[in-house]
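K.L.:
here's a sequence, model it:
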Amino acid sequence: MQGEGKAVPSSQPSPDNSVGRRGWIVLSLTLLVFLSGGSLYYWKSTSVRLTADGKTRRVFTQAHDLKGFLEEQRITLGPSDFAAPPLNTLIVHNTAAKITRVTVEKFVAVSTGPAVVTWQTRNRDNLRRVLVQKGYAAVLTQKIQVTKHDGTEISRAVLSVKKSRAPFFKLSFFNKEGQPAKQYNLLKCKTLRVRTTGYYVGERTVPGNVTYLGYKLQRGLVAVDSSGLTVRARVERKTPVKV
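P.N.:
All right, here's what the predicted structure looks like:
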């Protein structure tokens, strides 16, 4: 019997392996060409890195300058808005541009100075201690304009200044400790001209020494007609008493 020899592996590549290897090579070359073309388009394309309204984004464009780019993107500039660089700047690869929104606000600021007393009088002989004062306070009125860039204040200017005086005429009541208890603005009070009558014990029309409201007769109390003057109202006498 003839003995069988050992099988010797062939050095020739398998047809299936050759086809697969060539396929991978073709695919790799195609991918390399695609990536090279894309990279070349990326670096040669015109684009703008735009910062506007608090956002930054990159936009590819066919426009030749910044003005055309804004028209292409339908971005409108306000009357005071501005762009950096200027609108006539040519667009190249990754051109940086920033739109600044400008707002102008106007308001009136009013400040009042300390009170200046020009006249005052005190009365300690009445039912309660009172203080009447007249005077004025200096008032400064300014019209101010504030300019803001993207919401941040850049400048402030005073457009006009007006100085005036605010008069005051006030009545202050004091408590037993001598501290102000109540204050009234006499400029807002209505002025009435009335005739009042003061009573004293011993007059035949006075039945006793206690009033209708329960007060004892004393200096500073007068009788009034409630149809013309409110009961318990404070009355200021400006003419001397006729006897």
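
K.L.:
which residue ranges form the strands in this protein?
P.N.:
With DSSP state E as the criterion, the chain has strands at 47-52, 55-60, 82-84, 95-100, 102-123, 130-149, 152-174, 180-185.

K.L.:
so which of these is the most packed in?
P.N.:
Compared across the strands of the chain, strand 47-52 shows the largest average neighbour count, a mean of 18 (mean count of other C-beta atoms under 10 Å). Every residue, glycine included, has its C-beta placed from N, CA and C.

K.L.:
CA-only coordinates of that one in PDB, if you can.
P.N.:
Below are the C-alpha coordinates for strand 47-52, written out as PDB (Å, rounded to 0.1, in the frame of the first residue of the first chain):
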ATOM      1  CA  SER A  47     -19.500  81.200   7.400                       C
ATOM      2  CA  VAL A  48     -20.300  83.700  10.200                       C
ATOM      3  CA  ARG A  49     -19.900  83.100  13.900                       C
ATOM      4  CA  LEU A  50     -22.700  85.400  14.900                       C
ATOM      5  CA  THR A  51     -23.300  86.700  18.400                       C
ATOM      6  CA  ALA A  52     -26.700  88.500  18.800                       C
END
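
K.L.:
let me see the contact set for the closest residue to residue 63 other than its chain neighbours.
P.N.:
Nearest non-adjacent residue to residue 63, counting by C-beta to C-beta, 6 or more residues apart in numbering: residue 69, 4.1 Å away. Listed by C-beta atoms under 8 Å, 6 or more residues apart in numbering, the contact set of residue 69 reads 48, 59, 61, 63, 91, 97.

K.L.:
pLDDT and distance to residue 79 added to those, as JSON lines?
P.N.:
Supplementary listing: the contacts of residue 69 in JSON lines, determined by pLDDT from 0 to 100; distance: C-beta to C-beta, whole Å:
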{"residue": "48", "pLDDT": "93", "distance to residue 79": "23"}
{"residue": "59", "pLDDT": "92", "distance to residue 79": "25"}
{"residue": "61", "pLDDT": "91", "distance to residue 79": "25"}
{"residue": "63", "pLDDT": "92", "distance to residue 79": "23"}
{"residue": "91", "pLDDT": "93", "distance to residue 79": "25"}
{"residue": "97", "pLDDT": "96", "distance to residue 79": "20"}
